[in-house]
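Enquirer: Only the shape, not the letters, is given here:
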């Protein structure tokens with residue numbers, strides 16, 4: 001595995017490849033104190049432009065939330081439904097290629113589409129990186145992301161003078177879709193209180 005660095009539009013774009021076959025990407029959009037953070041996904045169609053846009057979104061997300069960390073995103077090409085042993089082999093190879101980024105905290109990965117905390121923990125352990133007990137805990141990231149999606153939908157509908165009643169939406173992420181459905185406004189215009197119920201879905 002080889003890693004090639006490209007600087008484009010103020011971003012650091014790392015392409016991991018074996019010969020002409022691309023295995024994945026890490027895109028760092030911004031850094032705070034030399035560090036960045038963002039999810040690492042596994043999908044068969046991961047591409048550079050998408051990772052670039054998502055990394056930028058992470059910078060905006062952290063800035064909006066007032067979190068002192070830079071924005072980044074990474075993706076490994078692979079089938080998230082394949083046996084864990086196969087997925088972990090892909091993650092181990094990817095980790096070895098970006099080891100300097102991981103060990104210096106230049107890029108700190110988190111679970112994303114097609115990966116879970118066990119995957120990220122294995123990826124870091126595969127390069128000898130120790131994980132503290134309190135790290136990589138379950139969080140409610142999907143719930144809070146769904147809140148921002150819903151807020152955007154409501155604002156867009158209002159701008160277009162549309163009523164949400166009868167409208168449909170396509171949401172790519174399954175867990176995000178569940179939370180967005182639970183958060184939808186009910187007939188009285190209030191948020192559905194069932195949104196407070198957090199549902200854990202295993203990969």
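Expert: Received it, and whenever you're ready, just let me know what you need. Computed from a predicted model, the values in this text were never measured in an experiment.
Enquirer: And the residue positioned nearest the centre of the chain, how far from residue 124?
Expert: Nearest to the geometric centre of the chain sits residue 39, at 3.2 Å (Cα atoms, centre = their mean). Going from residue 39 to residue 124 by Cβ to Cβ, to the nearest Å gives 14 Å. Where C-beta positions appear, they are placed from N, C-alpha and C, glycine not excepted.
Enquirer: for residue 55, what are its contacts?
Expert: 11, 27, 28, 29, 38, 71, 72, 73 (Cβ atoms under 8 Å, 6 or more residues apart in numbering).
Enquirer: Likewise for residue 96?
Expert: Neighbouring residues of residue 96 by Cβ under 8 Å, 6+ apart: 1, 126, 127.
Enquirer: Which one (most neighbours) among the residues you listed?
Expert: residue 126 (18 neighbours; other Cβ atoms under 10 Å).
Enquirer: if I look at that residue, how far off is residue 31?
Expert: When distance is defined by Cβ to Cβ, residue 126 is 24 Å away from residue 31.
Enquirer: just residue 39 next, same as before
Expert: 17 Å.
Enquirer: And residue 6, by the same measure?
Expert: 16 Å.
Enquirer: Of the two, which one has the most company?
Expert: For residue 6 versus residue 31, neighbours defined as other Cβ under 10 Å are more numerous around residue 31 (18 against 12).
Enquirer: quick one, phi psi at residue 90?
Expert: Here is the backbone geometry of residue 90 (degrees, to the nearest 10): phi -60, psi -40.
Enquirer: Same check on residue 60?
Expert: Dihedral angles (degrees, to the nearest 10) for residue 60: phi -70, psi -40.
Enquirer: So which other helices or strands are in contact with whichever helix or strand residue 147 is part of?
Expert: Using DSSP states H and E, residue 147 sits in helix 141-159. Using 3 or more Cβ pairs under 8 Å, 6 or more residues apart in numbering; DSSP states H and E, the elements in contact with helix 141-159 are helix 174-183.
Enquirer: what mean pLDDT does the helix it packs on have?
Expert: For helix 174-183, the mean per-residue pLDDT is 52.
Enquirer: before we move on, what about stretch 75-88?
Expert: 95.
Enquirer: Which residues belonging to it are considered buried?
Expert: Buried residues in stretch 75-88, counted by 16 or more other Cβ atoms under 10 Å: 75, 76, 77, 78, 80, 87, 88.
Enquirer: In helices, which of the residues you listed appear?
Expert: 87, 88 (DSSP state H).
Enquirer: in the sheet, who's paired with residue 13?
Expert: residue 6, residue 27 (DSSP bridges).
Enquirer: residue contacts, it?
Expert: 5, 6, 7, 25, 26, 27, 28, 48, 51, 52.
Enquirer: Residue 97 versus that one, what's the distance?
Expert: For residue 13, the distance to residue 97 - Cβ to Cβ - is 14 Å.
Enquirer: quick one on the thing from earlier: nearest to residue 59 among the buried residues of stretch 75-88?
Expert: residue 75 (16.8 Å; Cβ to Cβ).
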